[in-house]
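1. Let me see the structure of the following:
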Amino acid sequence: MRPPNVLYEIILTWDGESEDDLDLYVRSASGHTVSFNNREGGQGSLISLDHDALGKRNNILPSGAAGALTKFHEETVSFRGVTEGENIVTVHVYAKTDEKPTKATIKLIKIKPFKELAVKEKEFTLVGDEKTAFRFKTDNMANVIEINELPANLVNPLGEGEGEGE
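-> I've put the predicted structure just below:
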């Protein structure tokens, strides 16, 4: 069930049998960033991480229990409001256990009226991989006016922590 008054959602999915832990990072045009370690985005944020999937370790039935599980892992970020400017969506590999590459699908969905505005597939092979799913620009009426895949780094913005001591 989605929270009330959601304008847009970003949905990341990957194989439910995967042991890998992928994480969504989303920065809104207002400058707020949400991820597993900052689910609400801080004061004044209009976005939130609604679900953080942790890979198969948290997607199992209790011992002896009968039931069904989804066939995929899913993370969701909701936009309760939109400001004019650019929003950025990346996916980061927090933990990589699977030997094979992990394929993920990232969607940008407009809720009312429902419409998939972007669907991207990315493949991940290494811990620490971060790939831009897409960037989307919104106008002052909350319309998506442009979508592109220019590279971005939200995990270590501006190369923080890289090349220290050189």
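2. in the protein, which segments are predicted with low confidence?
-> Along the chain, segments meeting pLDDT under 70 span 1-4, 54-72, 157-166.
3. Spatially central residue (nearest the centroid) of it, please.
-> Centroid-nearest residue in the chain, with C-alpha atoms, centre = their mean: residue 24, separated by 2.6 Å.
4. Quick check: that one vs residue 46, distance?
-> 16 Å (C-beta to C-beta, to the nearest Å). (Glycine included, C-beta is placed from N, CA and C.)
5. Next one: the residue nearest to the centre of the chain from residue 112, what distance?
-> Separation of residue 24 from residue 112 (C-beta to C-beta) stands at 22 Å.
6. element containing residue 97?
-> Following DSSP states H and E, there is no helix or strand that holds residue 97.
7. Around the closest residue to residue 10 other than its chain neighbours, how many other residues sit close by?
-> Distances taken as C-beta to C-beta, 6 or more residues apart in numbering place residue 77 nearest to residue 10, at 4.3 Å, with adjacent residues excluded. Using other C-beta atoms under 10 Å, residue 77 has 25 neighbouring residues.
8. what about residue 77, helix or strand, and which?
-> Counting by DSSP H and E, residue 77 is part of strand 72-79.
9. Show me the strands paired with the helix or strand that that strand is followed by, marking each as parallel or antiparallel.
-> The helix or strand immediately downstream of strand 72-79 is strand 85-95, counting by DSSP H and E. Sheet pairing here is set by DSSP bridges, and for strand 85-95 it gives strand 21-27 (antiparallel), strand 130-138 (antiparallel).
10. most neighbours per residue, which of those?
-> Mean neighbours per residue, mean count of other C-beta atoms under 10 Å, is largest over these for strand 21-27, with a mean of 24.
11. who touches that strand?
-> Residues outside strand 21-27 that contact it (C-beta atoms under 8 Å, 6 or more residues apart in numbering) are 10, 12, 14, 33-36, 47, 49, 52-55, 73, 75-77, 87-95, 102, 104, 106, 124, 130, 152, 154-155.
12. what sits up against the helix or strand just after it?
-> Once strand 21-27 ends, the next helix or strand along the chain (criterion: DSSP H and E) is strand 33-34. With C-beta under 8 Å, 6+ apart as the test, strand 33-34 has contacts from 24-27, 40-41, 45, 47-49, 77, 154.
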